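Enquirer: below: sequence and its predicted model.
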4 protein chains.
Amino acid sequence: MTASVGIVGASGYGGAELLRLLAGHPDLDVAVVAAHSQAGEPVASLFPNLPGDRVFDAVVPEQLAELDLVFLSTPHGVSLALGALLHDAGVRTVDLSGAFRLTAADFATWYGESHPRPDLTPAAYGLPEFNRKQIADATLVANPGCYVTTALLGLVPLAGLLMPDTIVVDGKSGTSGAGRAAKDALHATHVAASLTAYGAPGHRHTGEIEAHLAGFGADLGPISFTPHLLPIPRGLLTTSYASLAAGVTAEDVQSALVDAFAEEPFVHVLTPGTFPAVKAVAGSNACQLSAVVDPRTGRVTVVSVTDNLGKGAAGQAVQNANLLLGLPETTGLSTIGLYP
Amino acid sequence: MTASVGIVGASGYGGAELLRLLAGHPDLDVAVVAAHSQAGEPVASLFPNLPGDRVFDAVVPEQLAELDLVFLSTPHGVSLALGALLHDAGVRTVDLSGAFRLTAADFATWYGESHPRPDLTPAAYGLPEFNRKQIADATLVANPGCYVTTALLGLVPLAGLLMPDTIVVDGKSGTSGAGRAAKDALHATHVAASLTAYGAPGHRHTGEIEAHLAGFGADLGPISFTPHLLPIPRGLLTTSYASLAAGVTAEDVQSALVDAFAEEPFVHVLTPGTFPAVKAVAGSNACQLSAVVDPRTGRVTVVSVTDNLGKGAAGQAVQNANLLLGLPETTGLSTIGLYP
Amino acid sequence: MTASVGIVGASGYGGAELLRLLAGHPDLDVAVVAAHSQAGEPVASLFPNLPGDRVFDAVVPEQLAELDLVFLSTPHGVSLALGALLHDAGVRTVDLSGAFRLTAADFATWYGESHPRPDLTPAAYGLPEFNRKQIADATLVANPGCYVTTALLGLVPLAGLLMPDTIVVDGKSGTSGAGRAAKDALHATHVAASLTAYGAPGHRHTGEIEAHLAGFGADLGPISFTPHLLPIPRGLLTTSYASLAAGVTAEDVQSALVDAFAEEPFVHVLTPGTFPAVKAVAGSNACQLSAVVDPRTGRVTVVSVTDNLGKGAAGQAVQNANLLLGLPETTGLSTIGLYP
Amino acid sequence: MTASVGIVGASGYGGAELLRLLAGHPDLDVAVVAAHSQAGEPVASLFPNLPGDRVFDAVVPEQLAELDLVFLSTPHGVSLALGALLHDAGVRTVDLSGAFRLTAADFATWYGESHPRPDLTPAAYGLPEFNRKQIADATLVANPGCYVTTALLGLVPLAGLLMPDTIVVDGKSGTSGAGRAAKDALHATHVAASLTAYGAPGHRHTGEIEAHLAGFGADLGPISFTPHLLPIPRGLLTTSYASLAAGVTAEDVQSALVDAFAEEPFVHVLTPGTFPAVKAVAGSNACQLSAVVDPRTGRVTVVSVTDNLGKGAAGQAVQNANLLLGLPETTGLSTIGLYP
């Protein structure tokens, strides 16, 4: 049986990637493609990979409330309102924004505003590899941030092996992670052949990494996180550094990672000394990662890659939707990136 | 029923793309992944998007001769031998090289060597949009060159509307079109942030465009063709110029294109004045094209894009394999590019 | 003696490149750095390669009128007014816009508006290699368009060798050619790893190429011109095609090019079969070009590269300023690109 | 008076950049352009930005010994021999390799071979901002590694403010840093639109950073260093993390940086919260850097950019040559990057 789904905020990159992925999903029918300010415009005028006559729909809450599932690919302010509305209507919802990822207290700290619906926070955190059960039972799922997903997949399995207060996460993302709005800093002429850091030390994903490291059993204290803007359209890499607890060996680290993901279809642990390439997962829902231990410093370095629009956003949202709807988790998702 | 297929030359980019596409093809089972010089090496060591334990096989002709279908993604010298061998053994074969695309006489002209098996030339030319029937009935299919596919899709429908001896094709290709061998000219440091022309006026695709324009009813005389190397990994765009025959209008041109592809799943004709973007078809088997007519010069300009590894190589090879095996032509192929 | 110069429109890319070049010019002192909407903002906030405390000045015509020379790097509408004002005040001016490049009649055709000062049109056309004398004697110089400079350098020397009505110019430019304003089509996420055509067949540089081919003795009729947007920040390549007049040989073509530029410091003619790379001239005022003749078609193909901000804009403007001020033409300019 | 200099290893990228820079240097005459395996080939065939008839010379030690100064842009094995020979002949030499940067003991550790001339180690370390005097008095100067220069400029001024054993340096470099040899990992098709880590934790620059942090008064213990390969031709960024000693404030950090570089022409300290862009220093000898302090973690993050071929290699080598020859340190060098 086919489920009827809607995408709100479909004119953004997350929405576009959802449209691309759902076009190949056998069990989900995209009934609504809503985009507030582009309502009535052809989808193809924004996303030329999706030729055809479909136009963006208006955002009509009553209409959304009748669907089997809604993806909210909207700014967190919009998600706060729509997510609550859909939750109260009992509609399964995957929210790709930061609206419901944190406790109300943490939300206030990192977003600088008080949460209007603390009762819904934190929603089921949509990282299936660590939280499959809670997601399947939820109504509202908070899809994780792109940097957060990528870093957590490499760090959570090492909980217990790491020394608190030593975590540094250095992130690098393609430009689609910064959204579709035309800004000076995202002008092709500025970005091309360059690289820059941004947003440190107060980037919101910092708090999200900390909160969910703790939530998944790795309370490692405050972390340092610096994101960088890569001159590529999609792809994300995190390089995470941590001091090992006394006596922990390189073999312990590798075993922890291999064991954590042995049965996971979307996470590939590489041999130590082999490093993952961002392009290997482009367009897929895969994460590739590897770790090296340096006995000189007693630190482990974990390098992890995802497609920021794939496992970092829309791909993971589909994975969560599959769980919410009782479908096989891999339906409609690829593990093979577009390489080269 | 699943057909058992082999890929020879699987360590090249065409082979890698075949592996990627066939991983998602429901009716083809890849029994052999042969690569002469990499036999025994893990596929993942060359193509990290394909993690796993599979290793490249040796090239064993007897083994290939027992398969239902073979893709030859080999240099034309190798294809000349293996293509003939497989043909004689009655094995359906899609050859991605230039070995069998031309008559023996044209082959001698453009490749500077005499053809060892003139009786097999030209093989069924694997451009399904114009040659579906002959392909389905063939044993040996010559998969077209990447520039050739892209240019012909825009020019063949205009046969009869154009003046001979006025055709100019300006081609631009991503670097994967130049193969996987490490060369100075393909060093990332040289290619990045640059653009250069190469190979004009004697590039082999020149003769192939001419031959198959004529073969598909558009004998337009010798053409000028200049390829350029783009600083991107995949994607191809041709800009074709031709003088219109007397009395031909912009409407005639647009109608010819729209009519030619109205029922074609992989070719999208855009509105005049809208130009296709290479990235809109990345990773797909689609071609997007549009034409503008300039009354001042009496010329039409057709701009056409494909993924050089998709519709320009491996994607089209799968389309041809589907035809050869009696499967629905679109099986395992996408029309939606990885955008952005 | 140092000349006192001003830059108006200094917040655009042409202005920024003028600032960069003039920082190394021994004889020009930049007294005014005017930018209407950024007046008061630090230059470094827009152009981080120019750290320091300088802020953009307001545009004050009376102040400009006291300078030795003014560069107008403004939209053509602004240049129409300021160029006329400065001309009337007797101030030497190099205008980088299209305001004064064409006759008033051609301006009306290509810009869709009537020219307010036909008496000033066309101004001295600032292509020194063909027009050195007129520039040196002028007050107002119209700096050529980037595509136009690049194409004309390859075609003008061939006047007399080419058949009219056969010219096709296929242009490819880096994104800085499209200006600094943030637009959807210039978003890094859309541009990266892609290529598209735009603006054909009515791009204004079409008329400018035609007019100045004729002006420099090569009245070759209407041409076809298609520009393309490259995923690189700067650099421009034109591939020009033309049928040769009866009896013209490859040697004739090469001699014409070599002879034309034997004494020119900024134009390098390469051996036929060697093609210039855009990056070889990045940041310089150089043009590199080469031509191949195809006896099969009777056509010559000329491939020519410049930096669209260098010889295609600011570099050439400095070259013109040197001429206007009686300085050695190469002062402050480089012939060596930033390669690799 | 003009000094007569030679470049050995001129066919590599460091050599090419020296050629480019020295073409604009008023006081150095490049008498020898030696490249072992390319001797006799035109320079322009490798580096098209340098058109002309000059060919690479053979490496003739006796000839080098008569020059005023030699740049060795050779692999460390070649530099070990030539550097010693030139030193013994009393010829001022700037060696761009790792041959003489470390003590013989450290060299053995990081390069896995014993040093043939421990008496020459470590040579004067060519980081003028911290070592101007020793360089001016030396015969043999060891030009620092690209990552090392970039990281040290940000960390050395903070000596005394940082806690030992907490230093993490995350480096990102353009592909020219990996040399000109064509390799699979440097193929444009693999590099484009991707990013990967490499060489951790044993990259040789790790030991060099540690040794010279200590040498310049910041003995901070073993560090973690992970380099990454950016899909750009040139440019380097390091993100360095360290815990602050007790009581150190953000103001202390900023003052230390500003004070260290107040009189330095090539180092620009940006306002905290503003991050430097790699492209802002492209082609120049500049370094731009900024630091932010996070009170939550007690860490400082220093982001620093250079052109890996400029301040990271050839530019700094020219700066050192100026010092060795008693010329003004900035002669022939730019502080303004090619932006955009």
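Expert: Okay, I see it.
Enquirer: where does the stretch 101-250 of chain A come near chain D, residue by residue?
Expert: Residues of the stretch 101-250 of chain A that fall close to chain D, judged by C-beta under 8 Å from any C-beta of the partner chain: A:165-166, A:168, A:170, A:172, A:189-190, A:192-198, A:200-201, A:222-224, A:226, A:228, A:230-233, A:235, A:237, A:239, A:241. All C-beta spots, glycine's among them, are computed from the backbone N, C-alpha and C.
Enquirer: buried ones among the residues you listed?
Expert: A:166, A:168, A:170, A:172, A:189-190, A:192-198, A:200-201, A:222-224, A:226, A:228, A:230-233, A:235, A:237, A:239, A:241 (16 or more other C-beta atoms under 10 Å in any protein chain shown).
Enquirer: which non-adjacent residue is nearest the residue of the stretch 1-150 of chain A found nearest chain C?
Expert: In the stretch 1-150 of chain A, the residue found nearest to chain C is residue A:13; the distance is 7.0 Å by C-beta to the nearest C-beta. Leaving aside its sequence neighbours, residue A:13 sits nearest to residue A:176 (C-beta to C-beta, 6 or more residues apart in numbering or on different chains; 4.6 Å).
Enquirer: thinking again about what came up before, intersect the buried ones among the residues of the stretch 101-250 of chain A next to chain D with the contacts of chain C.
Expert: Answer for these near chain C (C-beta under 8 Å from any C-beta): A:189, A:190, A:192, A:193, A:231, A:232, A:233.
Enquirer: how about the residue of the stretch 1-150 of chain A found nearest chain D: what's its closest non-neighbour residue?
Expert: The minimum distance from the stretch 1-150 of chain A to chain D, using C-beta to the nearest C-beta, falls at residue A:109 (10.3 Å). In space, residue A:109 comes closest to residue A:207 once its chain neighbours are excluded; the distance is 6.5 Å by C-beta to C-beta, 6+ apart.
Enquirer: which positions in the helix or strand containing the residue of the stretch 1-150 of chain A closest to chain D come out as buried?
Expert: Following DSSP states H and E, one finds residue A:109 within helix A:104-111. The neighbour-count check on helix A:104-111 (16+ other C-beta under 10 Å) flags A:104, A:106, A:107, A:110, A:111 as buried.
Enquirer: which secondary structure elements does it contact?
Expert: helix A:204-215 (3 or more C-beta pairs under 8 Å, 6 or more residues apart in numbering or on different chains; DSSP states H and E).
Enquirer: the residue nearest to residue A:218 when sequence neighbours are not counted: neighbour count?
Expert: Excluding its sequence neighbours, the residue lying closest to residue A:218 (C-beta to C-beta, 6+ apart) is residue A:159, at 3.2 Å. Under the neighbour criterion other C-beta atoms under 10 Å in any protein chain shown, residue A:159 is assigned a count of 16.
Enquirer: need the pLDDT of residue A:159.
Expert: Looking at residue A:159, its pLDDT reads 91.
Enquirer: OK, contacts around it?
Expert: Residues counted as contacts of residue A:159 (C-beta atoms under 8 Å, 6 or more residues apart in numbering or on different chains) are A:213, A:216, A:217, A:218, A:220.
Enquirer: ok, and the closest non-adjacent residue to the first one?
Expert: Closest residue to residue A:213 in three dimensions, ignoring its sequence neighbours and counting by C-beta to C-beta, 6+ apart: residue A:220, at 5.3 Å.
Enquirer: thought the one you found was touching residue A:241?
Expert: No - judged on C-beta atoms under 8 Å, residue A:220 makes no contact with residue A:241 at a distance of 11.7 Å.
Enquirer: may I see the buried residues of stretch A:114-121?
Expert: Buried-residue list, stretch A:114-121, by 16+ other C-beta under 10 Å: A:115, A:117, A:120, A:121.
Enquirer: the inter-axis angle of the helix or strand in which residue A:227 is found versus strand D:224-229?
Expert: Using DSSP H and E, residue A:227 maps to strand A:224-229. Put simply, strand A:224-229 runs at 10 degrees to strand D:224-229, going by axes from the mean of the first three to the mean of the last three C-alpha atoms, to 10 degrees.
Enquirer: partners of the helix or strand that strand A:224-229 is followed by, with directions?
Expert: Later in the chain than strand A:224-229, the nearest helix or strand by DSSP H and E is strand A:236-243. Strand A:236-243 pairs in its sheet with strand A:168-173 (antiparallel), strand A:299-306 (antiparallel), by DSSP bridges.
Enquirer: residue A:218 and residue A:158 touch, don't they?
Expert: Yes - proximity of residue A:218 to residue A:158 meets the contact threshold set by C-beta under 8 Å, at 7.2 Å.
Enquirer: which of these two has more residues huddled nearby?
Expert: residue A:158 (24 against 21).
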